[in-house]
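Asker: Quick one, fold the following:
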Amino acid sequence: MEIEIRLFNSLRRYGPRRLELPEGSRVQEAVRRLAIPRSEIHVVLLNGRTIGDNRSLEGERSLQDGDVLALSGPVPWSRGYGSAVV
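Answerer: Predicted structure coming up:
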C-alpha cells in the first residue's frame, strides 16, 4: 500500500512525500521507516485528525492505502516555542 507523508516545520528535512508499506502497517512503522526521532515529533495527524504526539504516538492505528500521515515539529522562534503549527 502507499500513503502520503506531509512533514512540517523542523521535520521537513526527513523523508519522501510517499511511502510504500506492507498492508496492515501501523503509524509507528511509518515513523520508524522515516527515521524521525520521536522526540522531534510534536503532533501526529492521520487524514487531518490529530492522533497523538511524541509522548503518545498512536501505534495501534492501522494505516490504509491512500492515507495521509502528517507530522509536525516545533515552530522555531514562535511565541510558544515547542508548540507545533501545521
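
Asker: For the closest residue to residue 11 other than its chain neighbours, grab phi and psi.
Answerer: Once flanking residues are discounted, residue 11 sits nearest to residue 73: 4.5 Å by C-beta to C-beta, 6 or more residues apart in numbering. No exception for glycine: its C-beta is placed from N, CA and C like everyone else's. With angles defined as degrees, to the nearest 10, residue 73 sits at phi -100, psi -170.

Asker: which residues does residue 73 contact?
Answerer: 8, 9, 10, 11, 40, 41, 42, 84 (C-beta atoms under 8 Å, 6 or more residues apart in numbering).

Asker: and residue 74, how many residues sit next to it?
Answerer: Residue 74 is flanked by 19 other residues according to other C-beta atoms under 10 Å.

Asker: and which of the contacts of residue 73 is nearest residue 48?
Answerer: residue 8 (13.1 Å; C-beta to C-beta).

Asker: so the residue lying closest to that closest one once chain neighbours are set aside bridges to which residues?
Answerer: Excluding its sequence neighbours, the residue lying closest to residue 8 (C-beta to C-beta, 6+ apart) is residue 72, at 4.1 Å. With DSSP bridges applied, residue 72 shows beta-bridge pairing to residue 8, residue 43.
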